[in-house]
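Peer 1: coords please:
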Amino acid sequence: MTRFNFRLQKVLELKERHAQAAAIELRIAEQRANQTGAERDALAALRQEGGEQLAAAHDGSTAGDLQNMSFLLEHIDQRVRMADESADHAQLGVEGAQAVLSLAHQATKALDRLRERQLDEFQHTLRKTDGLHMDALALSRFARHRSHQDES
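Peer 2: Numbering: from 1, shown residues only. Below you'll find the model as predicted:
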């Protein structure tokens, strides 16, 4: 019996491995984005707390203390901006990884559909060939049975 052989099986397997690698890259990018987002949120919370402390300190603190707190808040603001940029960059990485994964899935699905179509055609041809063999067998039996009846 003839076995079905999909000529592009190696390409399909390669595309599936590519899709798996893209999924791993997406998970890594999402983890990185979550981590940078958490760092940004922590810095923003620290900045908020520092701003509240600076506002409360206006009443009884010296000018030097206020200047020092203002300098620290400016430094935290700079770190928050850097964390925002890092989080934005990480989010772009997630979006890029999603796009790569989507394309990989599309390629895999296209090859899967082609494989299914070729398998259906193969099975149809196999059934047709089996039907022709069965018809030939039935005809030969009929002819033998008829020749035995004629001899009798």
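
Peer 1: can you pull out the helices in this structure?
Peer 2: With DSSP state H as the criterion, the chain has helices at 9-57, 63-151.

Peer 1: for stretch 31-40, what is the average pLDDT?
Peer 2: What stretch 31-40 shows for mean pLDDT is 95.

Peer 1: Report the buried residues of it.
Peer 2: 32-33, 36-37, 39-40 (16 or more other Cβ atoms under 10 Å). Where you see a C-beta, it was placed from the backbone N, CA and C, and this is true even at glycine.

Peer 1: cool, and stretch 47-62?
Peer 2: Here stretch 47-62 shows 47, 50, 54 as buried, counting by 16+ other Cβ under 10 Å.

Peer 1: same question, stretch 71-84
Peer 2: Residues of stretch 71-84 classed as buried: 73, 76, 79-80, 83 (neighbour count, 16+ other Cβ under 10 Å).

Peer 1: what would those residues look like in JSON lines with pLDDT and distance to residue 16?
Peer 2: Shown next, in JSON lines, are the buried residues of stretch 71-84 (pLDDT from 0 to 100; distance: Cβ to Cβ, whole Å):
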{"residue": "73", "pLDDT": "87", "distance to residue 16": "52"}
{"residue": "76", "pLDDT": "89", "distance to residue 16": "47"}
{"residue": "79", "pLDDT": "92", "distance to residue 16": "43"}
{"residue": "80", "pLDDT": "92", "distance to residue 16": "42"}
{"residue": "83", "pLDDT": "93", "distance to residue 16": "37"}
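
Peer 1: where does this protein dip in pLDDT?
Peer 2: Applying pLDDT under 70 to the chain flags the ranges 1, 58-60, 152.

Peer 1: circling back: hmm, which two among the buried residues of stretch 71-84 are most spread apart?
Peer 2: Comparing all pairs in the buried residues of stretch 71-84 by Cβ to Cβ, the longest separation belongs to 73 and 83, at 14.9 Å.

Peer 1: Which residues are in contact with residue 126?
Peer 2: Neighbour list for residue 126: residue 2 [criterion: Cβ atoms under 8 Å, 6 or more residues apart in numbering].

Peer 1: how much space between it and residue 137?
Peer 2: Distance, residue 126 to residue 137, using Cβ to Cβ, to the nearest Å: 16 Å.
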